[in-house]
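> When you get a sec, could you give me coordinates for this:
(chains A, B, C and D)
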Amino acid sequence: MLSTFLAILRRDLLLSWRGRADLLVTLAFFVVVVCLFPFGVGAEPNQLRAIAPGVLWVAALLASLLALHRLFAQDHADGTLEQLLLSSEPAVLWVLAKIAAFWLTTGLPLVIAAPALALLFDLEQSALPVLTLSLALGTPILALLGAVGAALTLGVRGGGMLLALLVLPLYVPVLIFGAGAVDAHLGGTGAKAQLLLLGGGLAGALALAPWACASALRIAME
Amino acid sequence: MTISTTTPGRAAVRPPQGWLRFAAPQQFYPLAGQLAPWFAALAALLAAAGLYIGFFVAPTDFQQGEVYRVIFIHVPAAWMSMFIYLIMAFWSAVGLVMNTRLSFIVSQALAPTGAMFCFVALWTGALWGKPTWGAYWVWDARLTSQLLLLFLYFGFIALTRAIEDPRRADRAGAVLALVGAVNVPIIYFSVQWWNTLHQGASVSIAKAPSMATIMLVGMLLMALAAWMYSIAVALWRVRALILERERHTEWVGAVLEAEAKAAGGVR
Amino acid sequence: MLQATDLACLKGDRLLFRGLALTLGPGEMLRVAGPNGVGKTSLLRLLTGLTQPEAGEVSWHGTALRRSREDFHRALLYLGHSAALNDLLTPLENLHFACAAAGDADVDEEACMQALVRIGLARQLDLPARVLSQGQRRRVGLARLFLSFHRPLWILDEPFTALDVDAVADLAATLSDHCAAGGTVVLTTHQEAPFARAPQVLNLGAYAC
Amino acid sequence: MEWESWSAFWQMGGAAPYVWGSYGVTLVLVALELVLVLRRRKDTAARLLRWRRAVGKDVGGPQARMESIE
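Got it, this is the predicted structure:
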């Protein structure tokens, strides 16, 4: 079982590496969106400091949404998905492997880039670990929920916009707790509660989302 | 090896998974047609009674004045929009587990009505908010969750319309409804949390300090009217969907011809 | 033993066929024939459990597919219309992944290489799949046959398409061998192939609705 | 009776735009939905009848006859 999981993970990572230009687009999108905000709201340092957590989180959320449609599209087109559904290994296993690879290649770069971008907003140094941790806990949830949406809209015309419509309302709690964690730290109340909730959310999403995603894929292939 | 097929005659093949699977839409269609007008009539009666109490019996609220009378549609609409989502999720689960086509049809027939009530709740909430809070929209926990619920409805409707194969549309919509139903409480909780952090204790509109019994009666009557209305509209919509789905079958042909003849006879 | 009873298949809102029943035992080969659009691929997909029949049931050794999905998929090799190749990977990587994904974790790279050499792709082992010709792509998919003799049931959708004459003969021999060894093969094809024993033919056109 | 006159009723203690705005929009939406739903079934029925008559015997013929599974 583990070897199947690893084989799929390895293959998806290899594919991402061979098509790495796509990954850079996601990261570049994140950076550009974050850098747009000062032009929109003005470069007043206090204001920038105040909006930094929200801006970084919204940008990370949009960037991971942008990459989502790639998650199953290629495998759907070339017939790999069919073969995966016929695997004797449980579907949840390989779905999880694909989501893990997806997060490692699109989510993790955002988590790493976020502290550097936070410096552009003059976010307090002490808040950087909280920001990183909140993104590290939150972006996997985005990937898991997004995978369900991507599976549901697989091969549907206008799928990209539809995917955004399906997934964005579900992202709201993650955004609230993620940006809230940084805000709470800055406000002095401590981010523990939000981070715990994000962790709980991640556990819940890990338990339920791959399962929902697998049934959605099965439905999509009928 | 053996390969066989039953003769092309019709009686030869049994219903494979119980009569429910195919017979239900056929029997449900006329039943829905008979029941719907009764529910609609009940809805009209209950709404008339509720509105009478709301406008002519219930006294003026000493804090909010007459504006509070919006409550008689705002609260029932908000309730109804949440109930309908839960009912959709319930029928979706039934459909996925039991593989009954009618369940999917019912949940799709409910969605536009749920979205309508959701919008009504938002609209009336905004109009109530203006004189009460001085703004049409505040990021109040209830209003915000209601807005997200509206997006969930839009997502469900858009997904089921976008997928052309009806069977896939049914199932994909059902999965989405279930995912949404799991998320609704989480969304509500998170928004409430966010709201208290950012605004302190919020002014909640549905929390009138002591609601007079007569107001409550009016509200409940309106809520019942909303239930009856939803059932009636959903039944009518189910009828259209059944015709659409079963258009190849002989019974739909017979029904259509009979209806055409009846309409022609009246003219 | 693969058994189907009372199968009906609905595609979109068109009923393709109904009342179809078949039983396939070890050593038997079935060729599903019929004109385009009659539902050959749909029937194969029903038999693999990828789609659910509108009516009726498919069972494997007496257990409905719904209840024996894992056992059944362990016994099944299905090669569909598309070869399930990723353009960015080499044939070797594609084949190795396909085996691992299917649950054959014990198939190592060496075995995959031999299978590819056996099917005539010795010189394409390290090229990305996007530069392969149609026939070569088809062969990469078919190389899985040589690694799947332990799977008794092979369901193949148009396996001969885009193959040259020699390859067709080779494939036909392989399929005949598999049946001779007690395997079961279901396939669709529009062309004649030199099988050791002529397969039984299911003419789906006759049962179409 | 709560109201001294009909005009007082319509003025709603100065809150007329809000109260009647709420009820009015609700009424319009409900009416619209009812019209759409009832018309939809009628249109569907008419369209399908035309379609069935155009296709003729084929509908009930060999093509896709679902009762046959019943």
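> where do the helices sit along the chain?
All of this refers to chain A. Using DSSP state H, the helices of chain A run over residues A:2-18, A:20-41, A:45-68, A:70-78, A:80-85, A:91-102, A:108-120, A:128-152, A:159-187, A:192-221.
> switch to chain D, that's the one I care about
Going by DSSP H, chain D shows helices at D:6-11, D:16-55, D:57-60.
> For these, which has the smallest mean pLDDT value?
Ranked by mean pLDDT, the helices of chain D bottom out at helix D:57-60, with a mean of 48.
> Now residue B:178: which helix or strand?
Using DSSP states H and E, residue B:178 sits within helix B:166-199.
> rewinding a little: out of the helices of chain A, deepest packed?
helix A:128-152 (a mean of 25; mean count of other CB atoms under 10 Å in any protein chain shown). Heads up, the C-betas are built off the backbone N, CA and C, glycines and all.
> quick one: pLDDT of residue 87?
Assuming you mean chain A. pLDDT, read off for residue A:87, is 91.
> was after chain C, sorry
Value for residue C:87, per-residue pLDDT: 90.
> Could you look up the SS state of it?
At residue C:87 the chain is in coil, as set by DSSP: H, G, I helix; E, B strand; the rest coil.
> Up against chain A, what does the stretch 51-200 of chain B have?
B:96, B:148, B:151-152, B:154-155, B:158-159, B:162-163, B:165, B:167-168, B:171-172, B:175-176, B:178-180, B:182-183, B:186-187, B:189-191, B:193-194, B:197 (CB under 8 Å from any CB of the partner chain).
> out of the helices of chain D, nearest to residue A:156?
helix D:16-55 (23.2 Å; CB to CB).
> Phi first, then psi, for the residue with the largest distance to the centre of chain A.
Distance from the C-alpha centroid of chain A, by CA atoms, centre = their mean, peaks at residue A:44 (29.9 Å). Per-residue torsions, residue A:44: phi -70, psi 120 (degrees, to the nearest 10).
> ok, now how distant is it from residue D:33?
48 Å (CB to CB, to the nearest Å).
> Name all residues that make contact with the residue minimising distance to the centre of chain C.
Nearest to the geometric centre of chain C sits residue C:156, at 2.2 Å (CA atoms, centre = their mean). Applying CB atoms under 8 Å, 6 or more residues apart in numbering or on different chains, we find residue C:156 in contact with C:78, C:79, C:175, C:185, C:186, C:187, C:188.
> before we move on, the earlier item: near chain C, from the residues of the stretch 51-200 of chain B next to chain A?
Filtering those for neighbours of chain C using CB under 8 Å from any CB leaves B:165, B:167.
> The residue of chain B found nearest chain A: neighbouring residues, count only.
Chain A sits closest to residue B:190 of chain B, with a gap of 3.7 Å, by CB to the nearest CB. When neighbours are counted by other CB atoms under 10 Å in any protein chain shown, residue B:190 registers 25.
> same question, residue C:54
If you count neighbours by other CB under 10 Å, residue C:54 ends up with 21.
> Chain C: helices as residue ranges?
Going by DSSP H, chain C shows helices at C:40-48, C:69-75, C:91-102, C:109-118, C:134-142, C:165-180.
> Pick the most buried one from those.
Of all the helices of chain C, helix C:91-102 has the most neighbours on average by mean count of other CB under 10 Å, namely a mean of 25.
> That one and chain A in contact?
Yes: applying CB under 8 Å from any CB, one finds helix C:91-102 in contact with chain A at C:93, C:96, C:97, C:98, C:100, C:101, C:102.
> now the angle from that helix to helix A:2-18?
Between helix C:91-102 and helix A:2-18, the angle comes out at 140 degrees (axes from the mean of the first three to the mean of the last three CA atoms, to 10 degrees).
> from chain C, which residue is nearest to chain D?
Taking CB to the nearest CB as the measure, chain C has residue C:15 as its residue closest to chain D, at 4.0 Å.
> Hmm, I typed the wrong one, I wanted chain A.
For chain A, CB to the nearest CB, closest residue to chain D: residue A:222, 17.8 Å.
> what residues are up against the closest residue in space to that residue that isn't next to it in sequence?
Excluding its sequence neighbours, the residue lying closest to residue A:222 (CB to CB, 6 or more residues apart in numbering or on different chains) is residue C:51, at 4.8 Å. By CB under 8 Å, 6+ apart, the contact list for residue C:51 reads A:221, A:222, C:9, C:42, C:45.
> Would you enumerate the residues in contact with residue D:30?
With CB under 8 Å, 6+ apart, residue D:30 has these contacts: B:116, B:229.
> cutoff 10 Å now
Going by CB atoms under 10 Å, 6 or more residues apart in numbering or on different chains, residue D:30 touches B:43, B:47, B:73, B:113, B:116, B:117, B:120, B:226, B:229, B:233.
> Quickly name whichever of those residues is closest to residue D:15.
Closest approach to residue D:15 among the contacts of residue D:30 (CB to CB): residue B:73, at 14.2 Å.
> Doesn't that closest one belong to a strand?
No: Residue B:73 is assigned helix when assessed by three-state DSSP, not a strand.
> tell me the contacts of it?
For residue B:73, the contact set (CB under 10 Å, 6+ apart) comprises B:47, B:50-51, B:54, B:117, B:120-121, B:123-124, B:128, B:219, B:222-223, B:225-226, D:19, D:22-23, D:25-27, D:30.
> swap in residue A:88?
By CB under 10 Å, 6+ apart, the residues touching residue A:88 are A:4, C:69-76, C:102-104, C:151.
> Residue B:84 too?
B:107, B:110-118, B:149, B:153, B:226-227, B:230, B:234.
> From residue B:183, how far out is the residue lying closest to residue C:161 once chain neighbours are set aside?
Nearest residue to residue C:161, sequence neighbours excluded (CB to CB, 6+ apart): residue C:138, at 6.4 Å. From residue C:138 across to residue B:183, the span is 44 Å (CB to CB).
> In space, what's closest to residue A:5 - neighbours in sequence excluded?
Closest residue to residue A:5 apart from its sequence neighbours, by CB to CB, 6+ apart: residue A:97 at 4.7 Å.
> Next up, the contacts around that neighbour.
Residue A:97 makes contacts with A:4-12, A:84, A:89, A:210, C:101, as judged by CB under 10 Å, 6+ apart.
> I'd like these written out as TSV, with distance to residue C:123 added.
Converted to TSV, the contacts of residue A:97 look like this (distance: CB to CB, whole Å):
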residue	distance to residue C:123
A:4	30
A:5	33
A:6	30
A:7	26
A:8	28
A:9	30
A:10	26
A:11	23
A:12	28
A:84	29
A:89	33
A:210	40
C:101	26
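> Tell me the one among these nearest to chain B.
Comparing those against chain B with CB to the nearest CB places residue A:210 closest, at 12.4 Å.
> which parts of chain A sit against chain C?
Contact residues, chain A versus chain C (CB under 10 Å from any CB of the partner chain): A:1-8, A:10-12, A:14-19, A:74-75, A:77-91, A:94, A:97, A:218, A:221-222.
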